[in-house]
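Student: no sequence for this one, just the structure:
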Ligand code: PLP
């Protein structure tokens with residue numbers, strides 16, 4: 001198993017910066033802001049508490065998550081016993097896959113896809129079945145339908161989407177719901193509150209027959225380092241995941257559970273200033289890419305944009321490597337997301353850094369012509 005390519009590249013860009021090189025690090029999968037003050041204040045009051053909690057989380061937190069998600073997703077079956085609080089969304093996905101997948105079971109993954117799905121499916125003995133998203137990064141339900149076999153146990157989808165920032169269309173999500181009665185749909189909703197469109201509907205609202213929701217506070221509350229997330233599933237899967245986690249992580253970190261409880265009081269909305277900054281940054285970056293003559297999508301959420309490099313190179317990993325060594329701009333090559341020919345740019349950086357990075361990209365592309 002390889003280390004997560006995004007974490008490895010982020011570490012390399014930070015190392016280069018520490019050596020005194022000018023680096024524009026656009027690889028990160030996290031917001032640049034500090035822990036919100038309301039969360040700092042709430043957690044500070046609980047710091048004397050230090051004991052194990054139930055593996056699936058503090059009862060009041062599971063209750064708050066069940067209430068919030070019932071509302072947010074318009075689903076009527078979510079009760080506290082369906083909620084398992086985890087040390088980040090990653091262990092939630094891992095526990096869900098461990099609970100669901102027997103060796104040889106197939107899991108459909110639309111690609112490009114976030115780095116860890118494929119490794120985690122393989123880690124639990126599953127077989128990854130990659131299917132392409134459309135050219136506009138929407139679900140291609142005809143292709144998904146054709147990929148379903150008697151061995152298919154689940155499909156993992158993620159909207160807003162990492163690495164593209166795309167939001168899947170309501171039409172395709174509803175079609176998917178109509179096609180997947182017999183398999184689990186694992187909906188990774190980690191970016192569901194970081195959206196730029198008013199009419200966004202979170203994926204689980206479509207009402208899937210067998211659904212596992214993955215979510216967390218890493219992106220919405222800028223709490224990546226605090227490790228706090230959750231899964232929601234039917235009682236059998238939730239209780240299997242809890243048993244598994246009882247041997248792997250035990251409960252999620254207690255201070256982080258209090259942070260989540262506080263976030264739930266505001267329905268886990270990110271600060272308005274965060275969303276405003278992301279929208280401004282998205283504008284700067286998409287204009288800059290246009291200026292540099294690089295094809296790209298217009299993201300509907302999250303903080304990524306996907307660069308289509310197919311007209312510029314036939315080796316996107318090498319292109320990103322040269323971009324980094326020659327200009328200091330760090331992007332993640334599409335190879336990390338099963339999408340060679342592309343690269344992911346994270347636009348959480350201040351305006352000056354983004355503008356300088358885009359100037360460098362423009363010069364680099366110009367020099368290669
Ligand atoms: N799911 C997606 C799509 C992500 O992009 C990430 C983080 O980059 C995660 C899950 C993991 O989140 P966490 O840091 O809470 O484990």
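Tutor: Okay, I see it. Not measured: the values here are computed from a predicted model. Numbers count the residues shown, from 1 in each chain.
Student: Strands of the stretch 51-200 of the chain, start to end?
Tutor: Using DSSP state E, counting those that start in this stretch, the strands of the stretch 51-200 of the chain run over 83-86, 106-111, 127-132, 152-158, 184-188.
Student: Now do the longest one: which elements does it pack against?
Tutor: For strand 152-158, the helices and strands in contact under the criterion 3 or more Cβ pairs under 8 Å, 6 or more residues apart in numbering; DSSP states H and E are helix 89-100, strand 106-111, strand 184-188. No exception for glycine: its C-beta is placed from N, CA and C like everyone else's.
Student: Could you pull out the buried residues of the first one?
Tutor: Residues of helix 89-100 classed as buried: 89, 90, 91, 92, 93, 94, 95, 96, 97, 98, 99, 100 (neighbour count, 16 or more other Cβ atoms under 10 Å).
Student: sorry, back to before: tell me which of the helices and strands packed on strand 152-158 sits nearest to the ligand.
Tutor: Shortest distance between the ligand and the helices and strands packed on strand 152-158, using Cβ to the nearest ligand atom, is found for helix 89-100: 3.5 Å.
Student: Point out the residues in the stretch 1-150 of the chain that sit beside the ligand.
Tutor: 29, 88, 89, 90, 114 (Cβ under 6 Å from any ligand atom).
Student: what's near enough to touch residue 77?
Tutor: If you count contacts by Cβ atoms under 8 Å, 6 or more residues apart in numbering, residue 77 has none.
Student: hang on, I meant residue 366
Tutor: Contacts of residue 366 (Cβ under 8 Å, 6+ apart): residue 292.
Student: Per-residue pLDDT of the residue lying closest to residue 71 once chain neighbours are set aside, please?
Tutor: The spatial neighbour of residue 71 that comes closest, neighbours along the chain excluded (Cβ to Cβ, 6 or more residues apart in numbering), is residue 267 at 7.7 Å. On pLDDT, residue 267 comes in at 92.
Student: wait, what's in contact with residue 267?
Tutor: So residue 267 contacts 68, 71, 72 (Cβ under 8 Å, 6+ apart).
Student: Format the residues you listed as CSV; extra columns: pLDDT.
Tutor: Rendered in CSV, the data for these read as follows (pLDDT from 0 to 100):
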residue, pLDDT
68, 97
71, 96
72, 96
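Student: tell me the helices in this structure, going along the chain?
Tutor: Remark: helices assigned in the chain by DSSP state H are 5-18, 37-44, 59-73, 89-100, 115-123, 141-147, 170-179, 235-248, 254-265, 272-291, 316-327, 351-368.
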